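take this sequence and fold it.
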Amino acid sequence: MSDDASDRFKKFFHEADTDNDGQLSVEELTAALRNHGYKGSDSKIQAMFESVDDSGDRLISLDEYLKAMGELPDNDHKVAAMHHVFRQFDKNGDGQIDRSELEAVFKEMGSVVPQEEIDRIIAAADRDGNKTINYEEFIKQVFE
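Numbers count the residues shown, from 1 in each chain. Modelled structure (predicted):
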């Protein structure tokens, strides 16, 4: 695992450790994973948690967490990161990025983008013609 990846995983762990006890409960892990865009049922997260909990104490230490993260495919991290970015754009949480949400993101970044340019950005990504960008369209636009 690269130093950069290790640093990111440590940062995630410490942010997820909301009670600052140096360990993650299944509730802390679930909340952090959801917040960072990981999908999957609670039972899937529970099973993952149990497989990572080598000590069997129903808590995940930093060492247990880093060991598990080193075993996850990089693509899982990339997909989760992109989902997190999409959620930052999707201000109302409806699964779509519309003109006003895109405009708000540009404004937060300190840029004023003309309406015509925002419309052009949406049109370039909008594959189903509904004048919004859904997650799949967003991913295709980012990776194509």
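
from memory residue 88 sits against residue 105, does it?
Yes - under the criterion of C-beta atoms under 8 Å, residue 88 lies in contact with residue 105, with a separation of 7.3 Å. No exception for glycine: its C-beta is placed from N, CA and C like everyone else's.

these two: who's more crowded?
Remark: of residue 88 and residue 105, residue 105 carries more neighbours, 17 against 13, as counted by other C-beta atoms under 10 Å.

list the contacts for the more buried one?
Contacts for residue 105 (C-beta atoms under 8 Å, 6 or more residues apart in numbering) come out as 88, 89.

pLDDT weak spots in the chain?
When the per-residue scores of the chain are filtered using pLDDT under 70, the ranges that remain are 1-3, 71-77, 79-80, 143-144.

would you map out the domains in it?
Following the assignment in automatic domain parsing, the chain carries domains at 3-72, 78-143.

ranges for the strands of this protein?
Listed in chain order, the strands found in the chain under DSSP state E are 23-24, 60-61, 96-97, 133-134.
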